[in-house]
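Asks: Build the 3D model from these lines:
(2 chains)
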Amino acid sequence: MPEKVHTYFSESEGEKIQKETLEKEEKAVASTVLKEEKKKNKKKKQQGKTEDSELKDGFLQVKTDSGDSHKNKKRKREEIVDRDTTDGASAHVGSKHVNGKVGKSNGDIQKEGDVKTKKSQQGDTRRHKNFKQQPSIASQTNFNSLRERAKFLYETRKKLPIFASAEEIRSNMRKNDVMLLIGETGSGKSTQIPQFLVDEAWCKPVDRVITQEDGTTKTVSVGGCIAITQPRRVAAISLARRVAEEMGTPLGSSSPASKVGYSVRFDTSTSPSTRVKFLTEGMLLQEMLHDPWLTKYSAIIVDEVHERGVNVDLVMGFLRNLVSGKREGRGGVPLKAVVMSATADMESLQGFFSEGLNTQEKEQAQEKAAGVSVCHIKGRQFPVKTIYSPEPVHDFVDAALKVIFQIHYKEPMPGDILVFLTGQETVEALEYLVNDYATGMDPALPKVLVLPLFAALPQAAQQRVFLPAPPRTRKIILATNIAETSVTVSGVRYVVDCGKAKIKQFRTRLGLDSLLVKPISKSAAIQRKGRAGREAPGQCYRLYTEKDYLALDETNTPEILRCDLSQALLNMKARGVDDILNFPFLTRPPREALEKALLQLLNIQALEETGQISSIGLHMAKLPLTPTLGRVLLAAVENGPDCLRDVIDIISCLSVENIFLNTTSEEKKEEAEVARRDLYRREGDHLTMLATVQAYAAENTDRKAWATRHMVSHRAMQSVMDVRKQLTTQCRQAKLLPHPDDKTASRSSGSTAPSPILILQSFLAGFATNTARIVPDGSYRTVVGNQTVAIHPSSVLFGKKVEAIMYNEFVFTNRSYARGVSAVQMDWVGQALARQE
DNA sequence: AATCGGACC
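Replies: Got it, this is the predicted structure:
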């Protein structure tokens, strides 16, 4: 069988080393997380050698220090977590670059995959540094080596499909303020466009005299910086890292001379010289609350518009107003915009911008009036053959099982299989079936390694998908739509697509979220299929007929049509958009949905009767919370600092993913019951969360072990602590909480803990309408609307009967559930509702 | 009548 092994990698020296590593690993197949950790470390060292040996080749290069030592502690922790997440990707670097040699250039940057690879390299570099105990000189930025690296990278940049269009793009942007760019996967748009534009004359900062709201004037520097928005944090960070390398500049805050930075929640890394800044859409919206005219920027590049998250729609609306208005807040300096999408549904976007430009600039009637240019860039993908099911499929788990083994029997190695399913339940069902079937498989055949992948999966288990398969083994990744955009697994040549996904839809009339399995769109189907063609030609098996495919919607339903709009509208109100109904929505939500959200904001006193934003509302908009949770926080202020601190702890839990690990099996559930006994509170989930945060925070020796012991998600708890710190800091700045060194105000040791009653009453200020009372048959009915609702099985109150409940979320899956539930008294509910009248 | 797809401030 050595043949098989040899076909996996070609012949360079570095790859041989890597191959040997893999063989060694096969002998020590690790089954426990602990073993995996060790193995990883071993491999990393090997990886380091691989890189060294390839240095002269130039495919990979160990980065010299980029001054990371200046970063604060928390950031380091996050980087380590980050690196670990993507660690496995580095193991694939070898094979990826081999592919580059035989057919495909290694230069095309694919945000989620390739750039992550860079990150892992840096992680490895840091490890080396620690190992070798390098002297402090290493913390200085080595500009020469940065320049050399950039020079080398330039050669690969030149081969990107987009590179030939650089001059056309520059020229378009000189003529027009807005450009729409359709660039398929692998075109290089996200990394190259900012570099094409940053040295343009219009991108220089200029001083302008601006009349402020109070009538006074002041001189302000306008422009000079380009922002590129991303839907996801990891993408923003890894793109920034890559572009910094290509530009030969240190990254972010590591040097005052750094020209490239990024900004995501909990992690902003910029310098006074930052000219290219990658940020999440949410972060740009946050910046706009403080700087509505985006005076720092000469251009905003909006990337991945086709994903149509609610934030990108808001950004687009604000941007349209900014490019078409009189620019008074910018001293007349234009703000340019590049809107980038992977799919070609851009005609509507063109209309969206040109409509605004026409109406606003009609009077000026100048022929050089900003128009909208459009640019198409070819992508770089390997062909993927589509195989449809000849018959409609009733049970896609069963159908997937058959197709998986059909591929496994028929198709040569290597070539991993990525299966798109709908959720944890289907993933685990198929995992069981594949493993069961594989036990009876002919031992002469390659083995299969089944790897589940979904967001709720613990980090260590997620990482397993990035490890290369042992020799003679085919990886079968069973994933939710996390693998559509957020996670890229290398080595995949076969995709199996069930054609469905769980999609959340907010039902305005009922105030209810539903999470149902629905057919995906054509563009999602194309996206899934594309995952088979990133490294080599591939195949996509669709578990539905071609007729079914043709009947699918063209694109995903924009999130703005599927979600509760209150947070979006509060942000708009805080930005000074008074007339919500006339806001330039890319897709206009139904009037009813807008009105419902406005009413909701009015109910929680975020708006005045006039529809103007209230001072409470303005405060809420600045908090990184949903309006309801923001309202709860402000209500807790009234109950004193001790209550506020506790409420912050609970809110922090509610605003991250589930802190308790899922218990799927019956034994696990019992196990969890025992492990969490000291955390459970009979008052409900809110106080249980409080107990959990406080116990976790009090654990000073080994929080990870504590989390494992209590079957609590360590990853989620880390996020909780981040949110908690952010909220606490914000409350201190707003003088809602005393400063920590203010002795008189710190929690006095003699006083009792704030009563659970005060805490729950604070919550009712935001959740008065999320309440239900028990009826004689023992079920619950909502106080407003009288609908049946059941306590979700994940709640500590599941199966319990109390007078009334308050809940964080009202979701419909196969029935209506209340999630995040606490027991309350009906008269509290009455009082809270009365206050809203 | 027994359990949530994926992001983000």
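Asks: CA only for contacts and neighbour counts going forward, please
Replies: Noted.
Asks: Below-threshold pLDDT in the stretch 201-350 of chain A: ranges please.
Replies: A:346 (pLDDT under 70).
Asks: Around DNA strand B, which positions in it sit nearby?
Replies: A:P231, A:R232, A:R233, A:V234, A:V264, A:R265, A:T280, A:E281, A:G282, A:M283, A:Q286, A:G309 (Cα under 7 Å from any atom of the strand).
Asks: biggest separation within these, which pair?
Replies: Using Cα to Cα, those span at most 18.2 Å, a distance reached by A:V234 and A:Q286.
Asks: residues contacting A:G371?
Replies: Counting by Cα atoms under 8 Å, 6 or more residues apart in numbering, A:G371 touches A:K175, A:N176, A:D177, A:V178, A:S354, A:L357.
Asks: okay, now the residue nearest to the third one when sequence neighbours are not counted: neighbour count?
Replies: Right, A:D177. Spatial nearest neighbour of A:D177, chain neighbours left out: A:K336 (4.6 Å); criterion: Cα to Cα, 6 or more residues apart in numbering. A count of neighbours around A:K336, defined by other Cα atoms under 10 Å, yields 23.
Asks: Distance check, A:K336 against A:A698.
Replies: Distance, A:K336 to A:A698, by Cα to Cα, to the nearest Å: 50 Å.
Asks: Ok, A:G252 next?
Replies: 34 Å.
Asks: Also A:E245?
Replies: 41 Å.
Asks: neighbour count winner among these two?
Replies: A:E245 (23 against 10).
Asks: ok, that one - contacts?
Replies: Contacts of A:E245 (Cα under 8 Å, 6+ apart): A:L146, A:R149, A:A150, A:L251.
Asks: out of those residues, which is most surrounded?
Replies: A:L251 (29 neighbours).
Asks: Taking the residues of the stretch 201-350 of chain A next to DNA strand B, please make a ChimeraX selection of just the buried ones.
Replies: Filtering these down to the buried ones (16 or more other Cα atoms under 10 Å) takes a single ChimeraX command:
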select /A:231,232,233,234,264,280,281,282,283,286,309
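Asks: Next step: the residues of the stretch 201-350 of chain A next to DNA strand B restricted to strands.
Replies: A:V264, A:T280 (DSSP state E).
Asks: how about the residues of the stretch 201-350 of chain A next to DNA strand B in TSV, adding distance to A:T439?
Replies: Below are these laid out as TSV (distance: Cα to Cα, whole Å):
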residue	distance to A:T439
A:P231	42
A:R232	40
A:R233	40
A:V234	38
A:V264	46
A:R265	46
A:T280	46
A:E281	47
A:G282	48
A:M283	49
A:Q286	53
A:G309	43
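Asks: and which of the residues of the stretch 201-350 of chain A next to DNA strand B is nearest to A:D678?
Replies: Nearest to A:D678 among these, with distances taken as Cα to Cα, is A:R265, at 32.7 Å.
Asks: Hmm, A:M283 and the closest one touching each other?
Replies: Yes: the pair A:R265 / A:M283 is scored as a contact, 6.9 Å apart, by Cα atoms under 8 Å.
Asks: what residue ranges in chain A score low on pLDDT?
Replies: Confidence mapping of chain A against pLDDT under 70 gives the ranges A:1-141, A:346, A:356-370, A:742-753.
Asks: In space, not sequence, find me the middle residue of it.
Replies: A:R232 (3.7 Å; Cα atoms, centre = their mean).
Asks: Now do the contacts for that one.
Replies: A:T280, A:S486.
Asks: does A:I182 sit in a helix, a strand or a coil?
Replies: strand (DSSP: H, G, I helix; E, B strand; the rest coil).
Asks: in the sheet, who's paired with it?
Replies: Taking DSSP bridges as the rule, A:I182 bridges to A:S341, A:H376.
Asks: What number of residues are in the vicinity of it?
Replies: With other Cα under 10 Å as criterion, A:I182 counts 24.
Asks: hmm, back to that, pretty sure the residue nearest to A:D177 contacts A:R174?
Replies: No: proximity of A:K336 to A:R174 does not meet the contact threshold set by Cα under 8 Å, at 9.5 Å.
Asks: can you give me the helices in the stretch 701-837 of chain A?
Replies: Counting by DSSP state H, counting those that start in this stretch, the stretch 701-837 of chain A has these helices, from start to end: A:703-709, A:714-733, A:756-767, A:826-835.
Asks: What is the shortest one packed up against?
Replies: Put plainly, it is helix A:703-709. Packing partners of helix A:703-709 (3 or more Cα pairs under 8 Å, 6 or more residues apart in numbering; DSSP states H and E): helix A:685-698, helix A:714-733.
Asks: Let's see that with 10 Å instead.
Replies: helix A:666-675, helix A:685-698, helix A:714-733 (3 or more Cα pairs under 10 Å, 6 or more residues apart in numbering; DSSP states H and E).
Asks: List the buried residues in the shortest one.
Replies: With burial defined by 16+ other Cα under 10 Å, the residues of helix A:666-675 counted as buried are A:A672, A:E673, A:A675.
Asks: Stretch A:697-715 too?
Replies: Applying 16+ other Cα under 10 Å to stretch A:697-715 flags A:R703, A:K704, A:W706, A:A707, A:H710, A:M711, A:V712, A:S713, A:H714, A:R715 as buried.
Asks: for stretch A:531-545, same thing?
Replies: Residues A:531-536, A:538-545 are the ones in stretch A:531-545 that count as buried (16+ other Cα under 10 Å).
Asks: First-to-last residue distance for it?
Replies: End-to-end for stretch A:531-545, by Cα to Cα: 20 Å.
Asks: what's the spacing between A:T280 and A:Q718?
Replies: In terms of Cα to Cα, A:T280 sits 20 Å off from A:Q718.
Asks: repeat for A:Y549
Replies: Between A:Y549 and A:Q718 the computed distance is 42 Å (Cα to Cα).
Asks: same question, A:T211
Replies: 45 Å.
Asks: ditto for A:K218
Replies: Relative to A:Q718, and taking Cα to Cα, A:K218 is found at 43 Å.
Asks: Between those two, which is the more surrounded one?
Replies: A:Q718 (18 against 12).
Asks: A:Y154 against A:V243, yeah?
Replies: No: if you go by Cα atoms under 10 Å, A:Y154 and A:V243 don't touch, sitting 11.1 Å apart.
Asks: neighbour count winner among the two?
Replies: Just comparing A:Y154 and A:V243: by other Cα under 10 Å the higher neighbour count belongs to A:V243, 26 against 14.
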